[in-house]
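Peer 1: Let's see this in three dimensions:
(3 chains)
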Amino acid sequence: MPGPARIGRGLLTDGDRPVGFRFDGRELTALAGDTLASALLANGRRLVGRSFKYHRPRGVVTAGPGEPCALVDVIGSAGREPNQLATTLVLREGLVAESQNRWPSLSVDALAINDLLSRFLPAGFYYKTFMSPGWAWERLYEPLIRRAAGLGRLVAPAVEHPAPAETVHDHADVLVVGAGVAGLAAAHRLGACGLKVLLADQDVTLGAGALLEARAIAWREQMAAALARLPTVRWLPSTTVLGAYGHGVFGALETLSPEAEARFGGLRERLRVIRAKRVILATGAPERLIAFPGNDVPGVMLAGAALGYLRRYGVAVGTRPALFVNNDEAYEALFALHGAGVRPAGVIDPRPQSLAMERARSLGVEVHAGAVVASVAGRRAVRGVSVANVGGGHRATLRADCLLMSGGHTPSTALAAQLGAPLKWQEAIAAFTADLAPAVGSVAGAARGVFGLAAAARDGDAAARAIATDLGRAVNSAIAIDLPADPAATPLAELWEVSAPGKAFVDLQNDVTTADVRLAYREGYEHLDHMKRYTTHGMATDQGRTGGLTGAAVLAKARGVPVSRVGALKPRPFAQPVPFAALAGGEVGEHFKPKRRLPLHDWHEAAGATFVRAGLWLRPLVYSGSSGWEPVLAEARAVRSAVGITDVSTLGKIDVQGPDAAKFLDFVYANTFSTLAVGRARYGLMLREDGLVFDDGTTARLAPEHFLVTTTTVNSVAVLEHLEFHLQTVCRELDVLVTDVGDHWAQFAVAGPRSREVLERVVTGVPLSNEAFPFMAAGAATIAGVAGRLFRISFSGELAYEVAVPARHALEVWSALIAAGKPLGIRPYGLDALNTLRIEKGHVTGAELNGNTTADDLGMGRMLKASGDHIGRSLARRAGLLAPDRLQLVGVRPVDATRRLRNGTQLVAASARSTSLGYVTSSTPSAELPGWVGLALVAGGRARIGERLLGVSPVHAETTDIEVVSPHHADAGNTRVRA
Amino acid sequence: MLRIPCPHCGERDETEFRYRGDAGKARPAGDADIAAFATYVYERDNPLGWHVEWWMHVAGCRKLLKLVRHTLSHEIHAVLAPDAEPPFPPREQGR
Amino acid sequence: MVIVGGGGHGLATAYYLATRHGITDVAVVEKGAIGLGNVGRNTTFIRSNYFHPDNIRFYEFSLQLWENLERSLNFNAMVSQRGTLNLFHTEAQRDLFARRANQMRLLGVDAEALGRDAVKALVPLIDLDNGRYPVLGGFLQPRGGTVRHDAVAWGYARGASEAGVDIIEDCEVTGITRSGARVTGVETTRGSIGAETVCLAVAGHSSRLASMAGVTLPIETHVLQAFVTEAVKPVLDVVLTYGPSHFYVSQSDKGGLVYGGALDGYNTYGQRGTLPMAEELAACAVTLMPGLARLKVLRQWGGVMDMTMDGSPLITQTPVDGLILNGGWCYGGFKAIPAGGVTTAHLIAHGSSHPLAAHLGLGRFAAGRTVDERGVGPFPWTH
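Peer 2: So this is what the prediction gives:
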C-alpha cells in the first residue's frame, strides 16, 4: 500500500495501480483514485500550505470542495495553475504540484514574521495603518502590500491559447442537485415516473454520504443499479452547479476525469447550461469548524473529512486522533477509525452527555464531557491538545497527532437563496434553511435540515413525488428501495467558539480570527456585511463554507443578539471557482466573434487585398500589402481619372413593399419619398425620435409599391429593427412588409469618368445615355447576362453606378465588369480609397453621423420636409438643437500643404488655446488636391469658412495651422455625377 | 437569465431577443408640442414591480412582443401581441 | 434637512454640507446599512477621460478630490493611481480616443497615446495579435486608477458623523410629504421626519423615491454586473479596457482581478448576475489575455443603476421645491463621489448649481442640450 498512513482499502482507490507524483520537488507515490490531498495524507504529509496573511503553516481541513487551506499550484505544460484544491484534484501520473505563498520553502517561510507582527495586522489594518507620511501609501506601502497579495502565482504563456473548453446545453424536466441519499431517492422516483432527470453532483461518485456509513452501502449499490436502468435519468458526475439564474436556468461546471480528458483531446471542463422545469436542491449540509485557539494547526480537520479519507481512500489521517465535537453525527469518524484499528486519544464534547458519547466510552475511549479544547500544542503539526471545562479551568492534556472537529452541519442554502428563498433559523441544528416555491422546486434532505440517511432519503422521495404530481405524473407512495432506520442521536449543543488565549480562526484562508470579528464590531462594523468587508471573512475561494456561520455567530455574541438576527451572508455564484477558459468556451481568440466575409472574399484575397475588420465584416482596405498612402491614392486617382470598382455589398439593404410603403417611408425618413418617381433613387436621412440623425442612405423606388432602402454598413441591423419596430407599433395600421435582403444582393460601385463605358459593355436592356439613365436613376437591368439592378448613384463624387446582382452571381458579374473595364484602366479600390474619395467630396459617414449631429449640423437642414409627421420632427425643433454655436460640418485643410491632418485633432482659436471649437472627424491625403483634406465639426462652422484655426493634437505633440473651407473639396458644383 | 415564451417560436433564452423599452407609452400625435414629445421620449415610470415592455425576437420570428414582467422577480406574467391590452393595470400591481 | 441614501453620494454630500457649508442639521437615512449599495458593489475605477468638456471638468474635479481625500478624511481609502489604459482595435476607435485625449489635454488633464509596443510593455499578458480584433494601440490616463470602495463609504460616514451629521441606518423612506409644490419631509419605517430640503441620493432607486413626490424622471433602472477572481500575485498593473466589447479589469491589492461589462439590457431592480454575461466577459478576458485561461473566477454580482436618457448624471433641483436629486449616475457614479458630494452640497446650500455641475440639470432634455458621450440617444440600456 503506497503511503505509510494507508491502513486499508479505500472504496475509490485502486490498490493495484500506483501513481507517481511530485510535491515540492519530492517524488511520492499514491494510488489511482486518490486526490492530491489523500495522496499527501497517505504519505504522512500534514503541512501543505501557508496562510494568506500570517503565513501560518496549514494542512488539509476537508475532503471536498469547501477546502480553505490545501491549495496548491499545479505545474503543467500550459504553465502554472494557482489555487488548485488538493482535496478535489484527482491524482494523475506525473502530476507536479507545489505549495503556495511560501518563500523560500514551505517549512522555512521568511514572511511568517507576519505572524509575529500580527498584533499590528488585525483586520481592517489597511484603512488605519499605512497612512503616514502622506506620500507613503502609493510609493511605499501599496507596492509592499501588492507583493504580498494573492496565494498562488499565475504563470502562463501570454499568447498561446490552451485547449478550448466546451459549452453544452442541457434540458430536463427536473434538475436534481446533489447525488447524496436525498438526491438519489429523488432522481429514482422521478425517473420511475418517466420524467427526464439530470442528477448533478460535484463528487466523482454518487451517494458519497452513504459511502461513509457501512449500513448504507448496500442501499447505495442497489440505488445506483436502479438508476442506471432508468433511461430518462442522467447522472453528471464531477459536476458542480455553479449558480441558479432564475427561469429554470442553472450553470454547472463539469470537470473531466484524467481518462476523459485524454479521450477529448485535452478538454478539461465543460460548462453546462441547464434548463429545467423544476429543481430539487439536495445539496447537503457541510460540516463547520469550531473557533478555538490553534484550530488551524496542520492536523486539525473536520471530523467528516477524516471519515472520508478513511472510507474513500483507506487513509488514516493520524495514528492518535482526538475528537472535539458538539454533535453525535460526527462521532462516526471516531468509530470508523477505531474499527480500523486506530487508537483515539480521546473525545472532547461540550455536552454533558450523549448517546454517541456513551458508545465511545463503551469502546474504551477516554471521553471528556462538558469540555472544550483550549489550545493545541504544535506549530507545523498537532502534538497534543489542552482540554478545559466548558466554564473554564484546565482539565487535561491529551497527546494526539490530529484533532477532528465538528461544530455541527450547515445546510447549503446558496442556490435556494439565489432563487429568492428566504432563510429560516432552525434552532435544532443551529443553522439556516430555505424552502423553494413549488413552482420552482424544492429543497430536500440535509439541505433542508433533515439529518440522518434514512430520513434524508425519504425526504428526497417525498419532494420528488410532489414534483412528479405537479408535472402531471401518476405517483404511488411505495418506496422501492428503503434504508435501514437511522440510529437515535442526541441533539447538538450550539458551540461556535472557545474563549481562550490565542488565535482562533473563523476564516482559515483569509486568516480572520474571532478577535478580528470583535474588533470589527468595536470599530462600528456591526452589520454582517460590514464585518465581512472589514475583515474579509467569507470572501476567500471557499466562500466561508466551513466557518461562515461561525463568524456570524461570533459577531452575534459581540452584539448580544441571537445568530438569527445577524443573518447569513448572501451567497452569490459561483459555488466553486471557475476557470476563465471554462466560462469562455469556444468563442475565444479568432472565434471571439463570427466573421462575415463578402461573397467575393476569395477574389479580393487573391487580388492581394489587405483586409480590415469592420464590425463583423472583413472588408478589403487596399489592394496592396504595403501600409503607406501611395497604393490608396493610386486607387483613388484611377477613379478620379478613369474608372474603379469597389465591393459595397456590406451596405444594409431592406426591401419595403406594400400599398402603404411610400407613406411608411415618409414617416421614417425626415425627407419625402412619396413624391419619388418609379425608376428613381433619392438620398434619405433618418432621424431618431429625439431629432438627431440616425442613419443615411439611398433609397430607390423600383415599383409604385416597392422600395429598396439602403443603410450604412454599421447601422444595417439597427435600421432594420427600427423599421420593424415602428411597423408593429406606431405604424401598425399601414400595409407594408419589410424584408432584410442584405445578404441576397452583392453590390458593386463602378465609379469614374469612364464608368459609363464599362457599363455599356456589360449591361443590356437599359440605355445608359445621360438622358435615358440620368443621375439618381434606378431600375432593373441585365448585367453580364444576370438579372440585377442598376443605380446611378455616387459616393465618390464621380460619374458612377452601383450594380446589384444576386450574391451567387457575384463573381461572374464582377469578373465581367473587370474584363470590360480592363482596356479603360479599371482597377479595384478598397475602403481606404473609398474614404479618400468621399472625404474629398464632403460625404459623411459614421465619423460625422456620430449620434450627436442634427441634419442642420451636417448641412442638410433643408432636406427636412416642411409638413407632415415624421420620426424626430418635433424634438428636432428644440432650442438646443437649433443653437447657432452648434458644431457644424466644414472642410479643413492645412495652411501649409506639406503638413498632414489627423483625426481627433482639436480645433482652437489662436487667441484661446484651451477652448475647443471642434475637431477633425475625417482626413486623408487628397488624390486631387495638393496635400491633405479633411472634414471637421466646428462651432458655428459654416460662418467660419475662410477663417484660420489651430489644429492641436497634444497626444501627438502636433500643432497645425488650419484653414476652414467648404466640406466639398472636390467638384463643389456637383457636375461630374451628372456628366 | 430570462426564458421568454415566444408565442410564435416557443420558450427561448433572453439572448435571442432585443429589449425595446417601456411599452406603456403612446407616441403623441404628430402635431403635439415639444413638451409632449419630450415626455414621451425621455420620461419613464421605471417601476419596481410589473412593467409592460417591448421585446423583439430578433434571432427568431422577428416579431415584436409585449411582455408583462416583474422588474425584481423577473416573473413573466404575460406575453402579448403588440396591440393587446395588458391583462391588468400594471401600475396597481407595481411600486 | 434629510438626505435619503447612505451610499457614497449621500454620505459625501452630508460630509461636504457639514465641513464646507457649516450645515450640520442633517440626517442621512439609509434603508439598510451604509455603503452596501452601488458604492460597495462597483469595480472601483477612478478616471476623468470623457468626451464632453463639461464632463471632463466635472470628473477631473472629482479626481483631484480623490487625490487629497485621505488627508481630508484621515482614513486610508487606498487611492491607487496606477493608470487607466483604453485599448483600441480599429482606426475609428483610435480617432475617437485621440479626440477625447486631445480634449482632455486642452483642459490640462493627463492623457497619452501608446503604441503597440508600449501597450505590451505595460501589460505583458496582452496578446496583441492572436484575437479576432488585434490591438492597435492604447490611450493611457496615468492618473486614473482604483480606490478601495468600502473605505470610501466608511471614511465619509466617519467624517460626516464627526462633523455632527446623524446617520440613521435600517430606516427606509416610505413616503415624501409635500405641502403644495414644496417638500415638507419624509415618512420612514421609523417615523416621519420634517425637513425643508430632501435630497435623494439613491441611484438605482431614484425613480421610485421621486415618484413618492409625484416626480417622473428620465431614468430607467438597469443592472450592471461585476466579477472577481481568486487572488494571485500581481499580473496587471493598470486599469484596462478592451475595445471590441465592454470589458474592463483591474487587479486589486489583495490579488483578485475585478472586472465588469455592459448592462444586461432590460429594466431590472434585481441585484444579480447572469450566465450569458459571465460567458461573454470570460471570452473577452481569454481573447485579450490568453494567459488568464486557467485563472478562476470566484464570484459574480450585480448592482442596479440609474440609467439616464443621455448617459450623464443628474445633480439638480426638481419640479418640487426643496427636493434635490443626486442620481442618474449610470455606471460612472463611483468615481464621481467626491465631486458629486461637493456639487450637491453646493446646490443645497446656495439653491443654485455649482458651476461644474450646471450641465447636469433636468431641464437639458426638453431644451435639447443632452450630454450624450456615446451618441446613442434615448435608449438607456445602450449607454
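
Peer 1: quick one: pLDDT of the closest residue to chain B within chain A?
Peer 2: Minimum separation of chain A from chain B (Cβ to the nearest Cβ) falls at A:D869, amounting to 2.7 Å. (Each C-beta comes from the backbone N, C-alpha and C, glycine too.) If you check A:D869, the pLDDT there is 96.

Peer 1: from memory it sits against A:F667, does it?
Peer 2: Yes - with contact defined as Cβ atoms under 8 Å, A:D869 counts as touching A:F667 (6.5 Å).

Peer 1: quick one, which of the two is more surrounded?
Peer 2: A:F667 (21 against 16; other Cβ atoms under 10 Å in any protein chain shown).

Peer 1: Count residues in the vicinity of A:I479, would you?
Peer 2: Neighbour number of A:I479 under other Cβ under 10 Å is 15.

Peer 1: pLDDT averaged over the helix ranked longest in chain B, what's the number?
Peer 2: The helix spanning the most residues in chain B, taking DSSP state H as the definition, is helix B:34-42. Averaging pLDDT along helix B:34-42 gives 97.

Peer 1: and the next element down the chain from that helix?
Peer 2: strand B:50-56 (DSSP states H and E).

Peer 1: What helices and strands are in contact with the helix or strand following that following strand?
Peer 2: For strand B:50-56, the following helix or strand on the C-terminal side (DSSP H and E) is strand B:64-70. Identification of packing neighbours for strand B:64-70 by 3 or more Cβ pairs under 8 Å, 6 or more residues apart in numbering or on different chains; DSSP states H and E yields helix A:716-728, strand B:3-6, strand B:50-56, strand B:76-80.

Peer 1: switch the cut-off to 6 Å
Peer 2: Helices and strands touching strand B:64-70, by 3 or more Cβ pairs under 6 Å, 6 or more residues apart in numbering or on different chains; DSSP states H and E, are strand B:50-56, strand B:76-80.

Peer 1: Indicate each strand paired with the longest one and its parallel or antiparallel sense.
Peer 2: Spelled out, it's strand B:50-56. strand B:18-22 (antiparallel), strand B:64-70 (antiparallel) (DSSP bridges).

Peer 1: a markdown table for those strands, including mean neighbour count and distance to A:P930?
Peer 2: Formatted as a markdown table, those follow (neighbours: other Cβ atoms under 10 Å in any protein chain shown; distance: least, Cβ to Cβ, whole Å):
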| stretch | mean neighbour count | distance to A:P930 |
| --- | --- | --- |
| strand B:18-22 | 20 | 48 |
| strand B:64-70 | 22 | 54 |
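
Peer 1: Please tabulate those strands in TSV, including the columns mean pLDDT.
Peer 2: TSV is the format used below for the strands paired with strand B:50-56 (pLDDT from 0 to 100):
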stretch	mean pLDDT
strand B:18-22	96
strand B:64-70	97
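
Peer 1: closest one to A:G538 among these?
Peer 2: strand B:64-70 (30.1 Å; Cβ to Cβ).

Peer 1: Most distant residue from the centre of chain A?
Peer 2: Residue distances from the centre of chain A (Cα atoms, centre = their mean) peak at A:E771, which lies 60.2 Å from the mean C-alpha position.

Peer 1: and that one, what is it in contact with?
Peer 2: By Cβ atoms under 6 Å, 6 or more residues apart in numbering or on different chains, A:E771 lies in contact with nothing.

Peer 1: how many neighbours does the nearest residue to the residue of chain A closest to chain B once chain neighbours are set aside have?
Peer 2: Nearest residue to A:D869, sequence neighbours excluded (Cβ to Cβ, 6 or more residues apart in numbering or on different chains): B:G30, at 2.7 Å. As a burial measure, B:G30 scores 14 neighbours (other Cβ under 10 Å).

Peer 1: got the strands paired with strand B:50-56 as a markdown table, with distance to A:K593 columns?
Peer 2: Listed next are the strands paired with strand B:50-56 as a markdown table, based on distance: least, Cβ to Cβ, whole Å:
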| stretch | distance to A:K593 |
| --- | --- |
| strand B:18-22 | 17 |
| strand B:64-70 | 26 |
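
Peer 1: Pull up the gap between the residue lying closest to C:E30 once chain neighbours are set aside and C:A33, please.
Peer 2: Nearest non-adjacent residue to C:E30, counting by Cβ to Cβ, 6+ apart: C:G6, 3.0 Å away. The gap separating C:G6 from C:A33 is 8 Å, by Cβ to Cβ, to the nearest Å.

Peer 1: Which one's more surrounded, these two?
Peer 2: Taking neighbours as other Cβ under 10 Å, C:G6 and C:A33 compare with C:G6 leading, 30 against 18.

Peer 1: First-to-last residue distance for stretch A:608-620?
Peer 2: 9 Å (Cα to Cα, to the nearest Å).

Peer 1: Buried residues of that stretch, list them for me.
Peer 2: Of the residues in stretch A:608-620, A:609-614, A:617-620 count as buried by neighbour count, 16 or more other Cβ atoms under 10 Å in any protein chain shown.
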